[in-house]
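J.: Quick one, what's the 3D model for this:
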Amino acid sequence: MSNENLILKQLKKELLDQFEKIHGVEPFIIASAPARVNLIGEHIDYCDGFVLPAGINRHVVIAAVPNGTSEANLFSTVLPDQPVTVMLDEPQTPGQPKWADYIRGVFDGFCDKGLWPLPGFDAVIHSNIPLGAGLSSSAAIEVAAATLVEGLLGVEINPKNKALLCQRAERKFAGVPCGIMDQFASVFAKQDHFVLIDCRSEEAQPIPFTDKSISMVIADTNVHHELSDGAYANRRKQTEIALSVIGKSSWREVSMADLDAVKSEMNEVVYKRGRHVITEIGRTQQAAIAVSRGKTDELGEMMAASHRSLRDDFEVSCKELDEMVEIAWDIGRDGGVIGSRMTGGGFGGSTITLVRTDKVEDVMAEMRTRYQKVTGIEPQIFSTGAVDGAGQEIH
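T.: Alright, predicted model coming up:
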């Protein structure tokens, strides 16, 4: 059994222990969904771009048993002081505690599709995904909840539709105008593959990543963000303004020549946002080709260019992310590092670094020591392979 599968197996064991301790019975169903890391293609999933994420060995798992009522009683081991009861025979609206809005939004999506009523149940939610780390814990809880509802209802909806239902939940109930990447990644993730997602056609294509001599290292800076605070929405609005000035219907039809031709008609900030979108779409296509051909050595400069663009043009990095990336760059190829960049929405969160597997422990130790020395913050750093997407077990 792979290390990734062992980590998920242990997480499910912890969940079962908690469930039986709280409810005194075994659950009827366990649903799981992975977090994701994006190799490249940041802040372009809402610009008709391409993204290249993978599922990682951090998950949300949910155990549930029917309770014969019209209530969903939800308990989170991560937030044990915030249990919540959701009335399933009433219209779903955002409420308190806020973490449950992701699940309320999923319930609302199933109701909207006519897949209702949902029988009442008692659930325990457990996770090892760092919160606010830019690894999409929100999409994981949405997709795990949707997978749970499928099992409780005895239905299976089209994977693409499930991902879109979960995206709708995040946008409508959490107030984040996200693209499709996070939910698609959690649904379509595949072991030993990245997933190339075309955000215009909404199609997902697995890209083999079977070279065991290369590992992904995720470094959570422990500087945490809140994407619903307006900065994310502002960036999205700026890309829409740029596209409107250019006069094209999709960023996929835009070249740097098109952007430069109307540079005088927009301010510098909007111009820089557009430049990031155009160049990041191109980098992601190139990276997908490199991965598919097994040429991971070519990814280093693409990842570096992506980070610089996110830092300088899209302005979503921060000093801690820059520090972590620059430490990895400094370790360099001689130390086993192939490439590194910030990943996720930014404003804190995590970096992704491709590392020679035989150098992983050394690289993680050096990144941890140097980052903490400079910032005074203890990071959370771990290695991962690419794992499968959401699943369920009926007990």
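J.: Spatially central residue for this protein, please.
T.: With distances taken as C-alpha atoms, centre = their mean, the residue of the chain nearest its centroid is residue 136 (3.3 Å).
J.: how many other residues sit next to residue 298?
T.: 15 (other C-beta atoms under 10 Å). Bear in mind the C-beta positions are built from the backbone N, C-alpha and C, glycine included.
J.: close enough to count as contact, it and residue 292?
T.: No. Here residue 298 does not reach residue 292: they are 11.5 Å apart, not a contact under C-beta atoms under 8 Å.
J.: Could you measure from residue 82 over to residue 22?
T.: 15 Å (C-beta to C-beta, to the nearest Å).
J.: With residue 74 instead?
T.: Going from residue 74 to residue 22 by C-beta to C-beta gives 12 Å.
J.: who's more crowded, the two?
T.: Shown here are residue 74 and residue 22; by other C-beta under 10 Å, residue 74 has more neighbours (23 against 15).
J.: can you pull the contacts of the more buried one?
T.: Neighbouring residues of residue 74 by C-beta atoms under 8 Å, 6 or more residues apart in numbering: 83, 84, 85, 86, 100, 103, 123, 125.
J.: so where is this structure shaky, pLDDT-wise?
T.: Applying pLDDT under 70 to the chain flags the ranges 1-2, 4, 225-229.
J.: longest strand in it, by residue count?
T.: strand 53-66 (DSSP state E).
J.: And that strand, what's buried?
T.: By 16 or more other C-beta atoms under 10 Å, the buried positions in strand 53-66 come out as 53-65.
J.: Relative to residue 367, which of the residues you listed is nearest.
T.: Residue 367 lies nearest to residue 56 out of these, by C-beta to C-beta, at 17.0 Å.
J.: what sits against the closest one?
T.: Neighbours of residue 56 in contact, by C-beta under 8 Å, 6+ apart: 34, 35, 36, 37, 135, 216, 218, 384, 386, 387.
J.: repeat for residue 145
T.: 31, 62, 102, 103, 106, 107.
J.: Against residue 191, how distant is the third one?
T.: In this structure, residue 102 lies at 25 Å from residue 191, with C-beta to C-beta as the measure.
J.: With secondary structure added, can I get the contacts of residue 74 in CSV?
T.: Shown next, in CSV, are the contacts of residue 74 (DSSP: H, G, I helix; E, B strand; the rest coil):
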residue, secondary structure
83, coil
84, strand
85, strand
86, strand
100, helix
103, helix
123, strand
125, strand
